[in-house]
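S.K.: Quick check, what structure comes out for this input:
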Amino acid sequence: MADKQKMEITILPNGEVSIKVLCVPGPSCEQVSAALEESLGKVKAREKTAEYYQEELETSGEIAQKSGT
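M.R.: Residues are numbered from 1 along each chain as shown. Model (predicted):
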């Protein structure tokens, strides 16, 4: 999952809420908004952005360093 995760939340005057997940490539974006969606109630619609179809970046805690010799 990406290090930087953002959500853009819009609340309309009629009470309808829109959540847009940013900076999270791949289907893991659904995990980012899942708790908020659950607390708000029924999801009316879901749109997938171009980021959804990007490959997720896999990172590990290990960093390899080459010496300059």
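S.K.: Nearest spatial neighbour of residue 4, chain-adjacent residues omitted?
M.R.: residue 23 (4.9 Å; C-beta to C-beta, 6 or more residues apart in numbering). For every residue, glycine as well, the C-beta is placed using N, CA and C.
S.K.: Run through the protein and note the low-pLDDT ranges.
M.R.: Counting by pLDDT under 70, the chain contains low-confidence residues at 1-3, 56-69.
S.K.: any idea where the strands of it begin and end?
M.R.: Counting by DSSP state E, one finds strands in the chain at the ranges 6-11, 17-22.
S.K.: Turn those into TSV, including distance to residue 39.
M.R.: Formatted as TSV, the entries for those read as follows, by distance: least, C-beta to C-beta, whole Å:
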stretch	distance to residue 39
strand 6-11	12
strand 17-22	10
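S.K.: deepest of the ones you listed, which one?
M.R.: Ranked by average neighbour count under the criterion mean count of other C-beta atoms under 10 Å, the strands of the chain are headed by strand 17-22 at a mean of 14.
S.K.: Next, the distance between the ends of stretch 19-39.
M.R.: Taking C-alpha to C-alpha, to the nearest Å, the first and last residues of stretch 19-39 lie 13 Å apart.
S.K.: no no, stretch 35-54
M.R.: Using C-alpha to C-alpha, one end of stretch 35-54 lies 23 Å from the other.
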